[in-house]
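Undergrad: predicted coordinates and the sequence they were generated for:
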Amino acid sequence: MKTLKRNKSMTSSSSNLNPYELLEVSSGFQFLTDQGKAYFVYTTEAEGYFPEGTLFAAHAFMFGFKPLRENQHSLEETTSPFHSFPRSRFITFDPRISDTIVSFILELFKDKRIVLLYVCDPSDSRQGVRAKLFDIWFRQYRIQNIIKVTLANTSSVSACMLFSSENTYKGEIEDCLPEMMEKISNYLE
């Protein structure tokens, strides 16, 4: 399985970000919050989601992140990619979590050919909340030069694609959008 590797050194594209340190693990990256909560951040190959023969598909990756359960060391220890974790009764807001995720994404987009696809986890029927959170982050961090396209936003599926406005394949990506939206909706439902 093809995964996308970041540069070893974490350099933020914005001096306003205060990300947690990411540690590389076998299939992605992990970080530990000040409250002791571990998260897993990963990319996997997403070429199959896009129309055959498109040049940009070779640079397409699925992006995701998950909280890890206590004593869990990787996402492979879950039973499905959309594994549901019990929600804590006391949720504390930690802005460094979003700083870390946004910083990770900005680091990936240093390669302007990258296309990221993310699907909000539907396992607990909270995909709409997750989609809104990504929208808030996109606006809050004023992410420039990154185009966000909603591929599917139904009661059962929420999927978006991100790519650089300077992507070499921008025209091809835009030409394929209607077919991609249909394919993603059919594939994920």
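TA: All right, it came through fine. Numbering: from 1, shown residues only.
Undergrad: which parts of this protein are strands?
TA: Taking DSSP state E as the test, the strands found in the chain are 23-25, 28-32, 38-45, 60-67, 115-119, 146-153, 158-164.
Undergrad: quick check, pLDDT for the residue nearest in space to the middle of the chain.
TA: Central residue of the chain (CA atoms, centre = their mean): Phe63, 3.2 Å from the mean position. Listed pLDDT for Phe63 reads 93.
Undergrad: return the backbone torsion pair for Val109.
TA: Just so we're on the same page, residue 109 is Phe rather than Val. Main-chain torsions, Phe109, degrees, to the nearest 10: phi -80, psi 10.
Undergrad: report the contact partners of the nearest residue to it once chain neighbours are set aside.
TA: Residue nearest to Phe109 in three dimensions, not counting chain neighbours: Ser164, with 5.6 Å by CB to CB, 6 or more residues apart in numbering. Where you see a C-beta, it was placed from the backbone N, CA and C, and this is true even at glycine. Ser164 makes contact with Phe109, Lys112, Arg113, Ile114, Asn145, Ile146, Ile147, Lys170, according to CB atoms under 8 Å, 6 or more residues apart in numbering.
Undergrad: burial check on the third one, number of neighbours?
TA: For Arg113, the number of neighbouring residues by other CB atoms under 10 Å comes to 16.
Undergrad: picking that back up, what residues are bridge-paired with the residue nearest to the centre of the chain?
TA: Note on Phe63: beta-bridge partners by DSSP bridges are Thr43.
Undergrad: make 48 the first number, not 1, from now on.
TA: OK, 48 is where the count begins now, so the last one is Phe110.
Undergrad: and the gap between it and Val166?
TA: Phe110 sits 9 Å away from Val166, going by CB to CB, to the nearest Å.
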